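[1] Here's a sequence, model it:
(chains A, B, C and D)
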Protein chains: 4
Amino acid sequence: MQSTAPTLDESKGTARLEAFSDGVFAIAITLLALELQIPHVESDSSRWALASALLHQWPSYVAFVTSFFTVLIMWMNHHAVFKFVRKVNAHILFANGVLLLITTAVPFVTGLFSEYLNHREASTACAVYTGCFVLISVSYVHLWRVVIKDRSLLKEEISEASIEKITKNYSLGIPLYLAAFGASFVSIYLAIGICTALWVFWCFTVKDL
Amino acid sequence: MQSTAPTLDESKGTARLEAFSDGVFAIAITLLALELQIPHVESDSSRWALASALLHQWPSYVAFVTSFFTVLIMWMNHHAVFKFVRKVNAHILFANGVLLLITTAVPFVTGLFSEYLNHREASTACAVYTGCFVLISVSYVHLWRVVIKDRSLLKEEISEASIEKITKNYSLGIPLYLAAFGASFVSIYLAIGICTALWVFWCFTVKDL
Amino acid sequence: MQSTAPTLDESKGTARLEAFSDGVFAIAITLLALELQIPHVESDSSRWALASALLHQWPSYVAFVTSFFTVLIMWMNHHAVFKFVRKVNAHILFANGVLLLITTAVPFVTGLFSEYLNHREASTACAVYTGCFVLISVSYVHLWRVVIKDRSLLKEEISEASIEKITKNYSLGIPLYLAAFGASFVSIYLAIGICTALWVFWCFTVKDL
Amino acid sequence: MQSTAPTLDESKGTARLEAFSDGVFAIAITLLALELQIPHVESDSSRWALASALLHQWPSYVAFVTSFFTVLIMWMNHHAVFKFVRKVNAHILFANGVLLLITTAVPFVTGLFSEYLNHREASTACAVYTGCFVLISVSYVHLWRVVIKDRSLLKEEISEASIEKITKNYSLGIPLYLAAFGASFVSIYLAIGICTALWVFWCFTVKDL
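    Prediction:
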């Protein structure tokens, strides 16, 4: 019994992984706002030039809000995964690292998307943006597989049913983001619509965290 | 009795939400200083050109200090709300997410305000700035309503009186920031004065945190 | 006895203040490196043009290292102050906020100093840089006074002797940084030398943290 | 026995050092993505101009991924070192500070390397990049020596064998990064290849964290 009970060191190990990951999520989510540009308006412009310039930036705001909630849901999912874990091994650390690597690129792809949304090349920028979310979905499924591979790392009270529920839940992300990726070449509004629908859906259906 | 006592998992859940939120507040508050611009002075300028250029940037410093203390008080309020909470559900996570979304935009609106303070369009920039604080007040009231909706999520020892006190306290923020928002179109000095008065008042009246 | 023993809530209160402050210190210290500029070198330049351009930036590196260790020592001092504190009140939160406000400005004054170090206006930039450290010293003394004002907030085992030792220790910072501030108008090398001597001295004399 | 058992204060001391260091690692690793530039493409350019411009930036991505995993492994090593430590003294805090100082410079040297990878001066930029990793290796060996110097600061259950294993492990980093540094002047592809091989090797061989 003593050997299975989490010791101070083990809980500390998970705590530091979670704290580090939370830090990366928190910084990535806050850096998103750095993509919002202060518009330049001439001193002799018309009365509502600044208001008009700010409103004209709406694609930036859509990309900002979409990326914000997508990263927030990633963080919630991360939270959900590590509620199961009693102890981390090197494979989990590495799989988590890949996930964080792609997460830190979200501000870059968000900036790219909002800069090219009204440009001829919008579909390329949108494909990079949605492609980043495809990679995040894949890296989540990978992290989850690594986590459940060695059941001795999980908390004892975890049931197979709850594991399978998450497995099923995560497998949905890849095809849906792949659909958004494909939609980028048809209509960027459809692509961004799928991404928005996904985070709205997840926000309103998450029951138990 | 066992079912109401906080378990390790529950306290960890709240801890991660608080740690993540603290991270976002800490990053947003530190990024404010990135809006302070290093002035450009020619090599053949007069003796006190740099000092004069730095002093001329005073609107940046006012906006920096006002935003800093407003975010600091937001963080204190966040602290005060989660002292009541024993366990978080999805609705709290989402309401908290909306609050953090608007908080991460504070450096952007601060930069906008300080850039346009001496410009014809100052009232627009000031309205965006104070409007951001209106949205933050609204999202605080929303978070608080979500938190107190399900009393089983609150700590057992919380009295109705202390809940009502906070409810009353938070309801003051919206009309006062709406007044600052309205004042933006009359005088930006009045608007910024209301914002400054608010954080000074709150700093000196907060009794029990 | 029960009333004086720290409860879960109290320790959590201090923990969040420390975590938030640590976050601000960690972000401010990491943002310092953003002031390091990647030099621009023409494609047809001589063989060692990049190396020469990098070496020519030495004032940036001096300012970077000096600010880094000064903020690090601030963080250590913060750590030392809150080892004494059992519970925070609103005055401590506000005094801590003022300290953090000035800390977040360190990357700005560091960038200003390194940009103007070889410029006619170097003494102005140096006075702003050292003046920022004067303000930090003052805000530390203020924080410490607020902390020791209400002894019921301190841990029971704290002796008067250890309080007096810190009081004496902190009172040294203000005149020494004031000397560096004054030296800015005579020689910036003297001013930066005083700042460097201070952090080197503190690093090698700190005994008990 | 009471005197050797870790007290609340001691564990808190280590916790704050680890939290602060984790913060710096997390911010440095997330700021790496700020070096990724959004390419500028003219409105009347050919169909795949943006895709082509993005692909042309591949050196940035190599530098981004290499730096990310190198910092991640630094963080894992930091984690491994502090698993041994029961209490920190001033020397550990200072040695840790030097390590963090160099870590915060990683985004700068990464940006320098990716900007000059296709330039005549690539070997200089690559030498600065790999030289930064040499300094990090040296500062790790220094930190480890300071940590094991006073055995009373280590946890009681630590065996000499596990200490020697880490000592041996860390001593490998310096010659290997020195080899990469030397290779910079022969071939930057060899130099970056050594760095990549190192983090891949470490990721797949780390057994026990």
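
[2] Might you report the residue contacts of A:H91?
    A:H91 sits next to A:146, A:149 when contact means Cβ atoms under 8 Å, 6 or more residues apart in numbering or on different chains. All C-beta spots, glycine's among them, are computed from the backbone N, C-alpha and C.

[3] so it is in which element?
    For A:H91, the element it lies in under DSSP states H and E is helix A:90-104.

[4] what's the spacing between the residue of chain A most remote from its centre and B:E121?
    Residue farthest from the centre of chain A, counting by Cα atoms, centre = their mean, is A:D44 at 42.6 Å. According to Cβ to Cβ, to the nearest Å, A:D44 stands 11 Å off from B:E121.

[5] again, but for A:L143
    Distance, A:L143 to B:E121, using Cβ to Cβ: 48 Å.

[6] cool, A:L32 as well?
    A:L32 is 25 Å from B:E121, where distance means Cβ to Cβ.

[7] Tell me, how many residues neighbour the closest residue to A:K155 other than its chain neighbours?
    With sequence-adjacent residues excluded and distances taken as Cβ to Cβ, 6 or more residues apart in numbering or on different chains, A:K155 is closest to A:R86, at 4.7 Å. Per other Cβ atoms under 10 Å in any protein chain shown, the neighbour tally for A:R86 reads 19.

[8] What are the phi and psi values at A:R86?
    phi -100, psi -30 (degrees, to the nearest 10).

[9] Just the element for A:V88, please.
    Applying DSSP H and E, one finds A:V88 in no helix or strand.

[10] Equivalent analysis for A:A26, please.
    With DSSP H and E as the test, A:A26 turns up in helix A:8-31.

[11] If you count contacts, what does that helix end up packed against?
    In terms of contacts (3 or more Cβ pairs under 8 Å, 6 or more residues apart in numbering or on different chains; DSSP states H and E), helix A:8-31 is packed against helix A:58-82, helix A:90-104, helix A:106-116, helix B:8-31, helix B:90-104, helix D:8-31, helix D:58-82.

[12] so that helix versus helix A:106-116, what angle?
    10 degrees (axes from the mean of the first three to the mean of the last three Cα atoms, to 10 degrees).

[13] buried set for helix A:8-31?
    Using 16 or more other Cβ atoms under 10 Å in any protein chain shown as the test for burial, helix A:8-31 gives A:12-31.

[14] Against chain D, how distant is the closest residue to A:H56 other than its chain neighbours?
    Once flanking residues are discounted, A:H56 sits nearest to A:P39: 7.7 Å by Cβ to Cβ, 6+ apart. The spacing between A:P39 and chain D, counted by Cβ to the nearest Cβ, to the nearest Å, is 17 Å.

[15] can you check A:E18 too?
    10 Å.

[16] can you pull the pLDDT of the closest residue to that residue other than its chain neighbours?
    Excluding the flanking residues, the one nearest A:E18 by Cβ to Cβ, 6+ apart is A:F82, at 5.5 Å. A:F82 carries a pLDDT score of 86 in this model.

[17] cool, and A:K207?
    pLDDT at A:K207 comes out at 54.

[18] what do you get for A:V65?
    On the pLDDT scale, A:V65 gets 93.

[19] where's stretch A:75-92 relative to the chain centroid, distance-wise?
    Stretch A:75-92 sits 15 Å away from the centroid of its parent chain (Cα atoms, centre = their mean, to the nearest Å).

[20] next one: stretch A:81-100
    Distance of stretch A:81-100 from the chain centroid (Cα atoms, centre = their mean) equals 16 Å.

[21] and whichever residue of chain A sits closest to chain B, what does it touch?
    Among the residues of chain A, A:A26 lies closest to chain B, at 3.2 Å counting by Cβ to the nearest Cβ. Counting by Cβ under 8 Å, 6+ apart, A:A26 touches B:20, B:23-24, B:27.

[22] I'd like to know if the host helix or strand of A:A197 reaches chain D anywhere along the stretch.
    Using DSSP H and E, A:A197 sits in helix A:188-205. No. For helix A:188-205, no contact with chain D is found by Cβ under 8 Å from any Cβ of the partner chain; the gap never falls below 13.1 Å.

[23] Using PDB, write down the CA coordinates of that helix.
    Extracted in PDB, the C-alpha atoms of helix A:188-205 (Å, rounded to 0.1, in the frame of the first residue of the first chain):
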ATOM      1  CA  ILE A 188     -12.000  31.100 -44.900                       C
ATOM      2  CA  TYR A 189     -15.300  32.200 -43.300                       C
ATOM      3  CA  LEU A 190     -16.400  28.500 -43.200                       C
ATOM      4  CA  ALA A 191     -13.000  27.500 -41.700                       C
ATOM      5  CA  ILE A 192     -13.100  30.100 -39.000                       C
ATOM      6  CA  GLY A 193     -16.800  29.300 -38.400                       C
ATOM      7  CA  ILE A 194     -15.900  25.700 -37.700                       C
ATOM      8  CA  CYS A 195     -13.100  26.800 -35.300                       C
ATOM      9  CA  THR A 196     -15.600  29.100 -33.500                       C
ATOM     10  CA  ALA A 197     -18.300  26.500 -33.400                       C
ATOM     11  CA  LEU A 198     -15.800  24.100 -31.800                       C
ATOM     12  CA  TRP A 199     -14.800  26.300 -28.900                       C
ATOM     13  CA  VAL A 200     -18.400  27.500 -28.300                       C
ATOM     14  CA  PHE A 201     -19.600  23.800 -28.300                       C
ATOM     15  CA  TRP A 202     -16.800  22.700 -26.000                       C
ATOM     16  CA  CYS A 203     -17.300  25.600 -23.600                       C
ATOM     17  CA  PHE A 204     -21.000  24.800 -23.300                       C
ATOM     18  CA  THR A 205     -20.700  21.000 -23.100                       C
END
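
[24] If anything else comes up later, I'll come back, but that's it for now.
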